[in-house]
Structures are given as C-alpha cells and as structure tokens.
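Trainee: the amino acid sequence is not available; the structure is as follows:
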C-alpha cells in the first residue's frame, strides 16, 4: 500500500492528505456566498475545509445545491456539462447530498447521496439516489488481510470444498481457482499453509489510513449501502441493496455490473462479471466474465472464469471455469467441481450429515454433468466428463471411468450401472464440440487463468489409462470366476492379467457384464459393454497421442516422425502424473517444485505463483508430446522404434476411424433435429424448422469439423512414414 504523507491544514484540526491538494485552492468569499445562497451548509463555517480546482473556469458554485459538508472536501473540475449513461442524462454538480472527507475528480454528478464519507472518487462519476457510501479506516475490501491491532478472528476466510472450514482459504484480488486448489487440497503441510497466508499479506502495511475508491466512469444509482468497497473503472451499479467489504474489478474493456436487489458482502468480483436480480454473494471470489443472477445464492465459494449461475444455491464450493448452473431447485454444497460442468434442474448435491464425523465432500473432475433431479451421498468422487443419469444415489460413489454414463440401480436390484467411454461410443457430437464451445464462450480480455478446454488432454488420458487397467483387472476376475479362456488352470497373476488383456483384444463381440465393487459403497456397480469400452479407450489414447505427435512435427516443420525427432522428444522431461490446477493441466511434480519455492522464499507473492503457472503453460506442449510418446509405448509395451509396420498401420487405422467417427457421429447426432419425428413435429414445415434452429448445411461447427477432419486424415496417413521406412 502506498504510504500517504499527511500535512496539517487548519480546518477544525482535520488532517488532509497532501497529494490530493495539488492543483487545488480555497474557495473565495463570493463562491461561499453563492454556496450558502443555494442552501448548502458546512460544519466549518469558514469553509476552509473546502478545496476546488484552481484552473480558470474550473469551479462553478452555482452547480451545488442543498448539500451538507464536513471534514475535508476536495473537488476537481465542476463545470456546466452533462454526463450521459444509456438513457440517464444528468447535469454535473452536487444536489441534496451529505459529504465528509471526500475527494472527487473532474466532471461529476452527486445527486441525492444521503451520506458519503472517506472516499476517493474518479472522473466522470455518477452517484444518483444512494443512501450511503462510506469507508472505515480498517476496510480491507474483501481481502483476507488484517490491519494493525486487529485480532486473527477478524480475518475473513472462505470455507471452500468443506462445510467445516477444513479447506478454508483467504480471498485476495488476484486469486484464481488454481490458487484456491493448491491451498485447499494440500492441507498436510502446516508450513506451506502458513506461507500461503504470508503470500496473501505481502504488501499489506496494516496502516489504518484506508479510504474507499470509486474509479473513473463509474455509475451508481438507486442503491442502498456501499461500504468499505473499492470500485473499478466503468462499473455500473443499479438498484443494489447492499455492497460491503468488496472489491469490484472492472475496466473499460471488461466492465463489471451489479443490478437490482443484489447483496454482496466480503468478497472479490472479477473483471467483466455481472451480478443481477436479487442474487446474494457472501464470502466469495468470482472470476472474470461470470454471471450470477435470478436469486442465486453464492456463499463461501470461489467461482471460476466464464461461469454462469442463476436461481440456485452454491455453498462452500471451489468451482473451476466454465460452470453452468441455471435452475431454481438445484444446489451444490461442499464440493470441488473442476469446470466445464453443468448442473441440471433439481440436482441436489449437498452434504447430508451421514456420520458423526465432519461433513462430507463431492470431488468431480472436469465435465461433470449430473442429470435432472439427481442426488448424491457424500463422500463421492467422479472422473472427468461423467454423465450421471437422473436418479437418487443412496450410497457413496467412486467413479474412476472417464467419459462414462452412470445410471442408478434399477427396481429389484442395488448395484448402479456404468457404461465407460459412453460419450465416444454414443454421442461424439456433444463431446467433440466441447472445445470449440468453451473457446467461443471465453470472453476474457486478459486471461490470467490458463484453461485446457480439450476433452482429450493429459489429465483425461491419465484417467483413461487407469480405466483400461481397471477393465483388465475386472475381466481377469470375471474369467477366473467363470473359468473361461483357460482360467481353469493355475497361473501367475501376471499371466492371468495378460490373458485377460488378450481376451479383450480378441473377443470383440463378447457380451458380458463386469462387477466393480468400489464404484458404490456396499452394493458396487455393473460395468456394461466392457469390450467396447476397452477398445474405445485404447482408440482415443492413440488418437490423442498421435495427434499430439503430429502437432509437434508441424512445430518443427516436418510432416512425419523420424528417429531423430523421437530422440529429440525423449530428451524432454517425462511426467506421468498430472493435475487439473484451476483448469490448467500441470504435472504433479511441478506442483511439488512450486511448493519448495514457496517454502524457501524464492516465491514470495501470488503474482510470482502465477508466473510459475505461466512457465508451466509455456512448456505444456513439450510436456504433452513427451507424455504422448510414453502413452503409445505403454499401449504396446515396447519402444516406438520397435513397433512393426503392422503396428504403425494399426495406429493410423484406429486414429483415422476415430477421426471419421467423430465427424460422422456428429453429423448423425445433429441430423436427428431435422429427421426425428418427435423433434420435427413442432414445426409446420421445413422453412419454419430452419428459421427456428438453423439449417444443417450452415452449421459452422460441422462445416469446420468436416474440413479439419479431411486435413487431419490426410496428414495422419504418413505420420509414421519416417519410422516405418527404417523397418
């Protein structure tokens, strides 16, 4: 915080900050006469506490009416001009307002402000019909810091992820979900947790000389209370009930807005975000380009960039970017949801006090999509891009299968149903358009939080590899119990594991159901179509790995892999464990390196932490291509140089099939809107249908996908040419 140098001006013993008096003067006797004639009053009858712009024609006392002044008042240029905002047109000046210890910039409107104290106000600001705007000397503007003499109990914490504050973090202006994740999910190191507090306090002098700030081009009208609040440029506040201990981040290019009936207490509102229509936010950090509206309650939570929530309750959550929750009856409590998520109407994801221990949690990786009126029992955990069918899930869940469809137990049974790889087997269009959809929705001008929007990335591939292993293990158990495929004889575990793997490869039409006892407490889960899921999982790993290798080839200006390029890739660091850190995919080992730097003091503030994230992002493509090579070699249990020409062709064939299937399935899925009887029966004719939903031929996403698929299939056909020729 900038240290303020004070100078004593004899004005009823009031200390006036020296820097605000530059270019200012006392008012003349004639100006005092005009002010008093216009019904204005000053606690200092000499008006020595009143300073105005000293330029020629910089102050017109005829523009101030029926107002009361005390403390010190410092005004910028006050001239006959009009400020316009949308359909609001007001002449500059002060009318029917009470002001104390206030500094105002040039060309302002202050009308009907019942109480305005201890604020610095920028240029071209409109304050119109506001009950109270004030700032105390211990204001912290939503940041989790302390002022001199304050006890630790005064610190504002946000209890993300858990209702009992076991994962609590401190809010601060620069906080992004990545920070909230590492703070809330690494709780076993007290020294690290203390360093997080110190990073947050970095730059805080603790001085009790705080004043509120309203930056340039701000409009506040028809509002109740604004207290201990810092308001950024071009913010628009209309009809809010209460804003207390809040920082509103806003710029001309990313303006923030607060609307009717809103209450905001103890938090940070991100750039370009909107809070409207009776929404309530308490102990919060809201990211960039977020929308909270229609009575939503956001309490003790962090909401990531590009998210929209309305008509719902969100309590004690860490939510990553691109979260959608629109419906009146849905609520989300004590959860970590890793973004690109959609909470359907009636979904009740809340702790239900199922034991005498601390309340439970939900942990859902990215792409979490619970169906209509679904409810869950804490603790539960979900892999990436899991679609949870409508139902009441009576027992704790642990779903390790990504891209899966999960269904409740059917009448007369207790086991839930899981179909792994469902998205890629049955709804290619929805999963494929995810990346383009989220990129299109990203309206951030400045992108501090790095966000991976591709469903196929190292984090999901890590899960797919685990799911493949899990399917082999469960198939081994099934074959052993049924005494099939030679499992009626004694063999080592390794031999049985390989035999189960061979069975999944060789019996493509086999139809059986596996049982996974850990997916649901007490009653387990039935795993449907394991052979198809196994095959699809392998195909999408090949697709990801080959696509990543091909992208690397392009970056080094070649169209195929060679032994030299493979050697070059092998020299890159290999990371096999990955974490979704606020939406950015980072190797787990790098996070541990970050913690070492934080603890030894080489990283001393959160901006330096963000620089570390950015360095990881700069190396992400290198980390990813090394991992892609590792994945291919894991699938075939040998170095890529030892692949046969048959294996190279097998990879190309599978990747080509996936690419073509993605396009064909996307077309087929979208065609239903134009051919299915129940979807078309709402329209009188084809012209009306196209007028409502658009034409299939003009679908921008599908047209781009068609072009990209043709190019990709052509390029992939010779990706291994340089290696195959060595055979």
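Mentor: Great, that's in hand. This is a predicted model, so every value here is computed, not measured.

Trainee: and stretch 286-293, how far out from the chain middle?
Mentor: Using CA atoms, centre = their mean, to the nearest Å, the mean C-alpha position of stretch 286-293 is found 9 Å from that of the whole chain.

Trainee: so which bits of stretch 130-142 are buried?
Mentor: 130, 132-136, 139-142 (16 or more other CB atoms under 10 Å). Every residue, glycine included, has its C-beta placed from N, CA and C.

Trainee: which one among those residues gets closest to residue 493?
Mentor: residue 142 (56.0 Å; CB to CB).

Trainee: just the element for that closest one, please.
Mentor: Assigned by DSSP states H and E, residue 142 falls within no helix or strand.

Trainee: who are the contact partners of it?
Mentor: Neighbouring residues of residue 142 by CB atoms under 8 Å, 6 or more residues apart in numbering: 156, 171, 173, 245-247, 266-268.

Trainee: so what does it have for phi and psi?
Mentor: Residue 142 adopts backbone torsions of phi 90, psi -10, taken as degrees, to the nearest 10.

Trainee: re the thing from before, and the two most separated of the buried residues of stretch 130-142?
Mentor: 130 and 140 (21.8 Å).

Trainee: go ahead and confirm residue 249 touches residue 255.
Mentor: No. Contact criterion CB atoms under 8 Å: residue 249 and residue 255 do not qualify, at 10.2 Å.

Trainee: need the helices for the stretch 301-450 of the chain, in chain order.
Mentor: Remark: helices assigned in the stretch 301-450 of the chain by DSSP state H, counting those that start in this stretch are 422-426, 428-432, 434-441.

Trainee: low pLDDT regions in the chain?
Mentor: Across the chain, the ranges flagged by pLDDT under 70 are 1-14, 351-358, 724-727.

Trainee: switch the cut-off to 50
Mentor: Scanning the chain for pLDDT under 50 picks out 1-12.

Trainee: re earlier: among residue 249 and residue 255, which residue is more densely surrounded?
Mentor: residue 249 (22 against 18; other CB atoms under 10 Å).

Trainee: what about the closest residue to that one other than its chain neighbours, how many neighbours?
Mentor: Closest residue in space to residue 249, ignoring its immediate chain neighbours: residue 271 at 4.7 Å, by CB to CB, 6 or more residues apart in numbering. Around residue 271 sit 23 other residues, with neighbours defined as other CB under 10 Å.

Trainee: just list the residues touching residue 271, thanks.
Mentor: With CB under 8 Å, 6+ apart, residue 271 has these contacts: 232, 249-251, 254, 256, 288-289, 444-446.

Trainee: and what of residue 324?
Mentor: Applying CB under 8 Å, 6+ apart to residue 324 gives the contacts 307-309, 341-343.

Trainee: any chance of these in a markdown table, plus distance to residue 122 and neighbour count?
Mentor: What follows is the contacts of residue 324, written out as a markdown table (distance: CB to CB, whole Å; neighbours: other CB atoms under 10 Å):
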| residue | distance to residue 122 | neighbour count |
| --- | --- | --- |
| 307 | 29 | 28 |
| 308 | 30 | 18 |
| 309 | 31 | 28 |
| 341 | 38 | 25 |
| 342 | 39 | 16 |
| 343 | 39 | 28 |
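
Trainee: now these in CSV, with distance to residue 496?
Mentor: Below are the contacts of residue 324 laid out as CSV (distance: CB to CB, whole Å):
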residue, distance to residue 496
307, 47
308, 50
309, 49
341, 39
342, 41
343, 42
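
Trainee: relative to residue 43, which of the residues you listed is nearest.
Mentor: residue 309 (45.7 Å).

Trainee: for the closest one, list each beta-bridge partner.
Mentor: Beta-bridge pairing for residue 309 (DSSP bridges): residue 292, residue 325.

Trainee: ok, it to residue 588 distance?
Mentor: 30 Å (CB to CB, to the nearest Å).

Trainee: can you check residue 365 too?
Mentor: On the measure of CB to CB, residue 365 and residue 588 end up 14 Å apart.

Trainee: tell me which residues of stretch 310-317 are tucked away?
Mentor: 310-317.

Trainee: regarding this structure, what is its longest helix?
Mentor: When the chain is parsed with DSSP state H, its longest helix is helix 645-675.

Trainee: check which helices and strands that helix sits against.
Mentor: Under the contact definition 3 or more CB pairs under 8 Å, 6 or more residues apart in numbering; DSSP states H and E, helix 645-675 sits against helix 428-432, helix 530-555, helix 677-680, helix 700-716, helix 721-724.

Trainee: report the buried residues of whatever helix or strand comes next after the third one.
Mentor: Following the chain from helix 677-680 toward its C-terminal end, the next helix or strand by DSSP H and E is helix 686-693. Under the neighbour-count criterion of 16+ other CB under 10 Å, helix 686-693 has 689, 693 buried.

Trainee: quick one: contacts of helix 686-693?
Mentor: Taking CB under 8 Å, 6+ apart as the rule, helix 686-693 contacts 673-674, 680, 683.

Trainee: quick check: of those, which has the highest neighbour count?
Mentor: residue 680 (16 neighbours).

Trainee: which residues touch that one?
Mentor: 673-674, 689.

Trainee: ok, then the element right after the longest strand along the chain?
Mentor: Assignment by DSSP state E gives strand 219-231 as the longest strand of the chain. The helix or strand immediately downstream of strand 219-231 is strand 236-238, counting by DSSP H and E.

Trainee: residue 154 touches residue 146, doesn't it?
Mentor: Yes. Using CB under 8 Å, residue 154 is in contact with residue 146, at 6.3 Å.

Trainee: and these two? Which one has more around it.
Mentor: residue 146 (19 against 12).

Trainee: from residue 130, how far off is that one?
Mentor: 29 Å.

Trainee: out of residue 365 and residue 588, which sits in the more crowded spot?
Mentor: For residue 365 versus residue 588, neighbours defined as other CB under 10 Å are more numerous around residue 365 (24 against 14).

Trainee: who touches the more buried one in this structure?
Mentor: Per CB under 8 Å, 6+ apart, neighbours of residue 365: 338, 382-386, 402, 459, 463, 580.

Trainee: ditto for residue 676
Mentor: Contact analysis of residue 676 by CB under 8 Å, 6+ apart lists nothing.

Trainee: how about residues contacting stretch 608-616?
Mentor: 174, 176, 178-179, 199, 448, 450, 581, 584, 586-587, 590, 594, 597-598, 603, 623.

Trainee: now with 10 Å?
Mentor: 174, 176, 178-179, 182, 196, 199, 202, 448-450, 581-582, 584-587, 590-591, 593-594, 597-598, 602-603, 605, 623 (CB atoms under 10 Å, 6 or more residues apart in numbering).

Trainee: the residues you listed in strands, which ones?
Mentor: Going by DSSP E, the strands hold 581, 584-587 from the contacts of stretch 608-616.

Trainee: mind listing what the longest strand of the chain pairs with, with the direction of each?
Mentor: Applying DSSP bridges, strand 219-231 is found paired with strand 126-134 (parallel), strand 212-214 (parallel), strand 236-238 (parallel), strand 242-248 (parallel).

Trainee: for that strand, which residues meet the burial criterion?
Mentor: For strand 219-231, by 16+ other CB under 10 Å, it's 219-221, 223-231.

Trainee: how far does that strand sit from the chain's center?
Mentor: With CA atoms, centre = their mean, you get 26 Å for strand 219-231.

Trainee: residue 316 and residue 344, how far apart?
Mentor: For residue 316 relative to residue 344 (CB to CB), the value is 20 Å.
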